[in-house]
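>>> Quick one, fold the following:
(one chain, ligands or ions: 1)
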Amino acid sequence: MTSKTPINDSSSIFAVTIDGPAGSGKSTMARTLAKKIHATMVDTGAMYRTVTAKVIDTGQDPEDEEAVAKVARGIQIYFAGEDSTRTMADGVDVSTRIRRPDVNSLVSKISAYPLVRQEMTRLQRKMAEGVRVVMEGRDTGSVVLPSARFKFFLVAGPSVRAERRRLEMAQAGDNTRREEVLAEIMARDQMDSQRATSPLVKPEGAVEIDTSQLDIDEVLERMLLLIVSDGCDAP
Ligand code: DC
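Numbering: from 1, shown residues only. A predicted model of the protein is given here:
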């Protein structure tokens, strides 16, 4: 017998994970889905970016894992604002700071440190405790929340991903050329997929969606179709 789980029931704990490479549409889809199903959104990439920005801004040596881990342990990260889209570090809104080029170039290195991942994973699990959550990143379905109710793995061709990221950067006033963005994305893909701790992988049981030719509504429709057909009422 299958019973329907109403996803508006605030007592039910309900986690959706969305993983994938840079520019695959994770953040946009996590934000859109979270809004639709009235869930909290956790952007785990923003958390690694926040640690990276603090390492730079406090003059820590990025080569020193212990010093970087100390920064990760000492920083208070949380999400605020409408739809939890503002990233806060020790009470300061760092949403713009963490998208700057210096952070882009260093974040793969910082996020590969096992001690940093350990601390962020602990924090991410805590953020998911007792709430309905949509969590996005590189290892949310494989490591952080392996028993999440729904797992998605988003992919898209490198040039599509580079163009999306270029537009996003241009909106933030950074006019880096597309070729440079593509090279940076490819380098990050390689580092994120090949690192020893929690590499970017398609999590077991995840549904893969190629977003290259799909718009936001089409991806959302596929996600909701799965959520509803699995026995959860549409919101
Ligand atoms: O999604 P993003 O581009 O904001 O992520 C920034 C970096 O953080 C990315 O290069 C890899 C790292 N990251 C990670 O290692 N694990 C996660 N769960 C999320 C991001």
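>>> pLDDT weak spots in the protein?
Where the chain drops to pLDDT under 70, the residues are 1-13, 231-235.
>>> Get me the contact residues on the chain for the ligand.
Where the chain comes near the ligand, counting by Cβ under 6 Å from any ligand atom, the residues are 22, 44-45, 48-49, 107-108, 111, 137-140, 188, 192. In this view, the C-beta of every residue, glycine as well, is placed from N, C-alpha and C.
>>> Looking at those, which is nearest R166?
The nearest member of the residues of the chain next to the ligand to R166, counting by Cβ to Cβ, is A22 at 11.6 Å.
>>> what about the closest residue to the closest one other than its chain neighbours, neighbour count?
In space, not counting the residues next to it along the chain, A22 is nearest to I185; the distance is 5.2 Å by Cβ to Cβ, 6 or more residues apart in numbering. Applying other Cβ atoms under 10 Å, we find 21 residues neighbouring I185.
>>> Same question for A80.
Each residue near A80 was counted by other Cβ under 10 Å, and the total is 12.
>>> contacting residues for the residue nearest to A22?
The neighbourhood of I185, defined by Cβ atoms under 8 Å, 6 or more residues apart in numbering, consists of P21, A22, G23, P158, R161, A162, R165.
>>> Just put the residues of the chain next to the ligand in JSON lines and tack on neighbour count.
Supplementary listing: those in JSON lines, determined by neighbours: other Cβ atoms under 10 Å:
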{"residue": "A22", "neighbour count": "24"}
{"residue": "T44", "neighbour count": "24"}
{"residue": "G45", "neighbour count": "19"}
{"residue": "Y48", "neighbour count": "25"}
{"residue": "R49", "neighbour count": "26"}
{"residue": "V107", "neighbour count": "22"}
{"residue": "S108", "neighbour count": "19"}
{"residue": "S111", "neighbour count": "26"}
{"residue": "G137", "neighbour count": "28"}
{"residue": "R138", "neighbour count": "24"}
{"residue": "D139", "neighbour count": "24"}
{"residue": "T140", "neighbour count": "31"}
{"residue": "R188", "neighbour count": "20"}
{"residue": "D192", "neighbour count": "21"}
